[in-house]
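**Q** Sharing a model prediction with you, sequence too.
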Amino acid sequence: MSYPKKLNKEDIAFRASLELPSDSYVNLGIGMPSLCAKYLQKEKNITFQAENGILGFNEISKEDEQDENLIDAGGQFLVKAPGMSFFDSAESFGMIRGNHLDMTVLGALQVSEKGDLANWMIKDRGIGSIGGAMDLVVGAKEVIVTMDHVTKENKPKILKECDFPLTGINCVNKIITDIAVIIVEDQGLILTEIAEGWSTEQVQSLTEPKLIVSNKLIRYITK
Amino acid sequence: MSYPKKLNKEDIAFRASLELPSDSYVNLGIGMPSLCAKYLQKEKNITFQAENGILGFNEISKEDEQDENLIDAGGQFLVKAPGMSFFDSAESFGMIRGNHLDMTVLGALQVSEKGDLANWMIKDRGIGSIGGAMDLVVGAKEVIVTMDHVTKENKPKILKECDFPLTGINCVNKIITDIAVIIVEDQGLILTEIAEGWSTEQVQSLTEPKLIVSNKLIRYITK
Amino acid sequence: MTKKYIYTSYKEAIKDLKDDSSIMIGGFGVQGGQPTNLMLALRDLNLSNLTLIGNVAGISMVTGYGWKESDKDKIIDQSIFFKDKQVKKIICSFPIPSSRNTLSEIEKAWINEEAEIEIIPQGTLAEKIRAGGSGIPAFYTKTGVGTIVEKEKESKIINGEKFLLEYALNADVSLIKAFISDEKGNLIYKGTSRAFNPIMATASKLTIVEVDKIVSSKDIDPERIGTPGIYVDRIVTKNNELS
Amino acid sequence: MTKKYIYTSYKEAIKDLKDDSSIMIGGFGVQGGQPTNLMLALRDLNLSNLTLIGNVAGISMVTGYGWKESDKDKIIDQSIFFKDKQVKKIICSFPIPSSRNTLSEIEKAWINEEAEIEIIPQGTLAEKIRAGGSGIPAFYTKTGVGTIVEKEKESKIINGEKFLLEYALNADVSLIKAFISDEKGNLIYKGTSRAFNPIMATASKLTIVEVDKIVSSKDIDPERIGTPGIYVDRIVTKNNELS
């Protein structure tokens, strides 16, 4: 089967940025999720948290103005902003685990049709980095996953069951990939958006569990 | 039986002040224990903690200079001192419960020969104020009790078993009263100091459990 | 929610509170750190069947405890809610003075069986609230082992020592006091007026803070913030310095 | 102990540390907040059989993670202790980079079965250390339910949800980093360099802090103190401003 062109990282980040609720507190995972911030609509009044102990940052600092005491969990140096606050790791994860964040956006290796997430260990490596992800998926009110739809070997990453070690069970609310947007519901995975040029059959062929095509299916929203 | 003159509150406080170890962190309970601070030997370098969230206070403020944001747990207003620090109640009791304080000095209604302490509820009232005492007795490395040796009705307060509700079990290390100083050891209560004019028999007659008279028994140390 | 509601009227800030609510009251139970103006507004709302959670609860009005000499004629404590039978239950660590000669309104209500009192060791009370705000449903502590606090509680031997299982405590509303807020709800506390305020801010569905003044987030030192704005919903002050 | 030992030599400050110790290393695992000079002195002491407890553990030296561009030639992380086989075990949340092309010294030691790695979710790691310092021997958390973290752990259903029992974590020594100390060991932190430092300060028998400068307690703002001096035993700095 040959497939149409996929969207890129920036498209996924833009699409994910639309998910961030107005007036919300959000933690963006390392990598693709943190790209979201670039597309943030200012009028939404969103405040970012990073689990290393900061709330209220906006900008990444210039290379020659980096401050070692002002950094996010992904290792990006930040710029001072009015209303920032700092706290230690116990307090930071109290905030996360205590359900105070409205949303987290995370990367994924695999997602199951029940919303299980695997994002910290490649199966055959035998070792991985859990970091803050396990706390974020149990703590944030909503969990959005951004990822490529398939692996580099073209294998589905959306599966009936994850075979990589799990980060959390039953925790993902929405999956945003380079070809589709899928909502995780009790009855299954609902395909709600599809990239330009793609058919639902093509998306299904790259997805292990049966997708339920939304009767409101629309074109994947891009810039 | 008629008895010699008892010591007063100030004498007890002075005697208790001698217990405070050099270079130690100490929490003084409300009432008689807090009087200790008055007799503090400066060269001992003692730092006081109060469970409402302060470390490093020394002086009580003058009535016309009271600051509502600078107070100890007994409701005494304090004077600013270099090196003071403040913290919330969870942190304060983390400090207490986490065994970071070297000593606490507390008042008592009753103490048992096993070192059980009852200091928060008069039996027939059916209601009382626990406050921070239960945390202090499990958390401080050493627990000193200051109290009158008998009740107003002349009944012993040092008993085989407390009949008032307990604050903690097996927690008291030393009892300083208005007639004696008694150490709580595994083998029983060791009488180590006795007030001027008192005989060991007289002290025993006001104490329910059998006292073991120390072979180093000395006169109660006063100013 | 990042959007904060700012009030200049204590009455307005609490007017939608409801009967049967659980309400945490911040501070230590002394003048400093107590949300006194919010408490007075709540009393005037005259709700019923409330569950209050505080630390020292009814001592100041009978003994003057923790109030400055110069303010002795203005003393307010949590006993104000008991006079008109607004309270079903109070959870606290220190509800009565040691002397029986001075009955507080809380003790009177208890004697008349109008209100229930649950007394919790102060450190356990603080830790239960901190747990409630930070997603810890239960924890073990040594505090209370061998006392009536142990009654009907699960226990566990850990490294040869006995510990009690204590559960998290949450509430519908927290009324707290801070020194300064900015418009994002970031709070600065002063001295010993922290006490139960920072933890109570985290443990309720709705947190309302009374502050001495509100300033722009441009004018607040990020290093001094004791409660990040994420925990705060409403801010009340008579002294609004927002430009 | 209220008496603090003040050093100007990192080597002197740690010279009595011993083989077989458990050592907490503060910060987040990035440049800011990491006690880099104490770590270098510890490496040079060349102990064996250590148990290290840190957060992000061996990423910076292979990826540059969390170090300023201008300091890229000076990067140090916890992997320095693995090269000479000083470590028996490391407890952390983030020991390896995501790519297999860049093996850290920690992963190499693990592959060669020279060191054990225990990986703990970051929030659980923080809470275990906080528990260790504050007299909480164990607590329940939802983090890790349904994952391999759950393996062999006790669990409990509370209000219909499943939670895992996690135990407190303590150590022999904590090496931490703060911005300023006074002579009483009161510490001030800066920005995001808090991370694991304040909790690790509370959880060990011996806490040694590296600071940018030490000043008199007369010159330190009590409202800014992040770690009260009670938790600190030794202070090291190249910048002693004590008069």
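**A** Received the coordinates, thanks.

**Q** and stretch C:190-208, how far from the chain's centre?
**A** 7 Å (Cα atoms, centre = their mean, to the nearest Å).

**Q** For burial, what's the neighbour tally of residue C:83?
**A** The number of residues packed near residue C:83 is 12, by other Cβ atoms under 10 Å in any protein chain shown. Just so you know, the C-beta spots here come from the backbone N, C-alpha and C atoms, and that holds for glycine as well.

**Q** is residue 156 in a bridge, and if so with what?
**A** In the absence of a named chain, this looks at chain A. Beta-bridge partners of residue A:156, counted by DSSP bridges, are residue A:150.

**Q** that answer is for a different chain, and I need it for chain C
**A** With DSSP bridges as the criterion, residue C:156 is bridged to residue C:163.

**Q** which non-adjacent residue is nearest residue A:222?
**A** Spatial nearest neighbour of residue A:222, chain neighbours left out: residue A:11 (5.4 Å); criterion: Cβ to Cβ, 6 or more residues apart in numbering or on different chains.

**Q** Stretch A:131-150: which residues count as buried?
**A** Going by neighbour count (16 or more other Cβ atoms under 10 Å in any protein chain shown), the buried part of stretch A:131-150 is A:131-140, A:142-150.

**Q** okay, which residue of chain C is out on the far edge from center?
**A** Distance from the C-alpha centroid of chain C peaks at residue C:160, with 35.5 Å (Cα atoms, centre = their mean).

**Q** Roughly how far does that residue sit from residue C:118?
**A** Residue C:160 is 30 Å from residue C:118, where distance means Cβ to Cβ, to the nearest Å.

**Q** How about residue A:129?
**A** Taking Cβ to Cβ, one finds residue A:129 at 44 Å from residue C:118.

**Q** So for the two, which residue has more residues nearby?
**A** residue A:129 (20 against 13).

**Q** that's a helix at the residue nearest to residue A:222, yeah?
**A** Yes - according to DSSP: H, G, I helix; E, B strand; the rest coil, the state of residue A:11 is that of a helix.

**Q** got the contact list for it?
**A** When contacts are counted by Cβ atoms under 8 Å, 6 or more residues apart in numbering or on different chains, residue A:11 touches A:178, A:220, A:222, A:223.

**Q** Enumerate the positions of whichever strand or helix holds residue A:192 that are buried.
**A** Using DSSP states H and E, residue A:192 sits in strand A:188-194. Buried residues in strand A:188-194, counted by 16+ other Cβ under 10 Å: A:189, A:190, A:191, A:192, A:193, A:194.

**Q** Pull the contacting residues for residue C:111.
**A** Neighbour list for residue C:111: residue C:103 [criterion: Cβ under 8 Å, 6+ apart].

**Q** Residue A:171 too?
**A** A:115, A:116, A:117, A:137, A:138, A:143.

**Q** ok, so of those residues, who is nearest residue C:232?
**A** For the contacts of residue A:171, the residue nearest residue C:232 by Cβ to Cβ is residue A:138; the value is 23.6 Å.

**Q** Need the per-residue pLDDT for the closest residue to the closest one other than its chain neighbours.
**A** Closest residue in space to residue A:138, ignoring its immediate chain neighbours: residue D:142 at 4.5 Å, by Cβ to Cβ, 6+ apart. pLDDT for residue D:142: 98.
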